[in-house]
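Undergrad: got a sequence here, can you model it:
(one chain, ligands or ions: 1)
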Amino acid sequence: MGLRGDVAKVLIPEETLQARIAELGRAINATYTDEDRPLLVCVLKGAFMFLADLIRYLEMRHEIDFMEISSYGAGTVSSGVVRILLDLEQNIEGRHVLIVEDIIDSGRTLDYVTRNLRTRNPASLRVCTLLSKPSRREIDVLPDFVGFEIPDEFVVGYGLDFAEEYRNLPFIGVLKEKVYAGQ
Ligand code: PRP
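TA: Below you'll find the model as predicted:
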């Protein structure tokens, strides 16, 4: 019934996600100091839940900011068109910036964001993504921190949507085909 009834299988259960996010937090703690005071840039909307959990594990002083980028329409395949819907509030010149993404698929979004942010002269620019689909890559982007490499399946949950729904699921799941058939 409801949202969960549309899920064919759970790809990454909640406990596995949380354990890996704790590990990513430890790796990020080992990378930055209080003096670095990194700015975590959450790429909306998909990364909001990941950011919220990830920062609970951070021990160094840091700030957060948000950017909204859109590359997908309502369907399951990237249109390849990248747009900034919401830009950062902060000036990042001289700042240590960590981009927080939910998923890297073709790499187009991240390629656009990193090229855009580099023109603003940050002191450093790193990328942390929860998920990566290496088999779908069209542009070679190299994230510094990766939670899970996953196969080429359309995934939802933990921030990721299908037609703006399913973001609230606490796990990463695969939808039943009938849900997106005809898209
Ligand atoms: C998703 C995801 C990444 C991007 C990855 O965003 O959050 O930003 O696609 O795909 P790519 O590597 O092929 O560019 P989406 O456009 O679906 O927006 P949303 O996060 O607001 O759902």
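
Undergrad: can you give me the helices in the chain?
TA: 2-5, 14-29, 48-54, 108-118, 177-180 (DSSP state H).

Undergrad: could I get these as a markdown table with mean pLDDT and distance to the ligand?
TA: Backbone N, C-alpha and C define where each C-beta goes, glycine included. Formatted as a markdown table, the helices of the chain follow (pLDDT from 0 to 100; distance: least, CB to the nearest ligand atom, whole Å):
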| stretch | mean pLDDT | distance to the ligand |
| --- | --- | --- |
| helix 2-5 | 90 | 16 |
| helix 14-29 | 98 | 16 |
| helix 48-54 | 98 | 9 |
| helix 108-118 | 94 | 3 |
| helix 177-180 | 88 | 13 |
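
Undergrad: closest one to Glu149 among these?
TA: helix 14-29 (11.5 Å; CB to CB).

Undergrad: now what about that closest one, what contacts it?
TA: Applying CB atoms under 8 Å, 6 or more residues apart in numbering, the contact partners of helix 14-29 are 50, 53-54, 56-60, 98, 128, 130, 145, 147-148, 158, 170-172.

Undergrad: change it to 7 Å
TA: For helix 14-29, contacts defined as CB atoms under 7 Å, 6 or more residues apart in numbering pick out 53-54, 57-60, 128, 145, 147-148, 158, 170-172.
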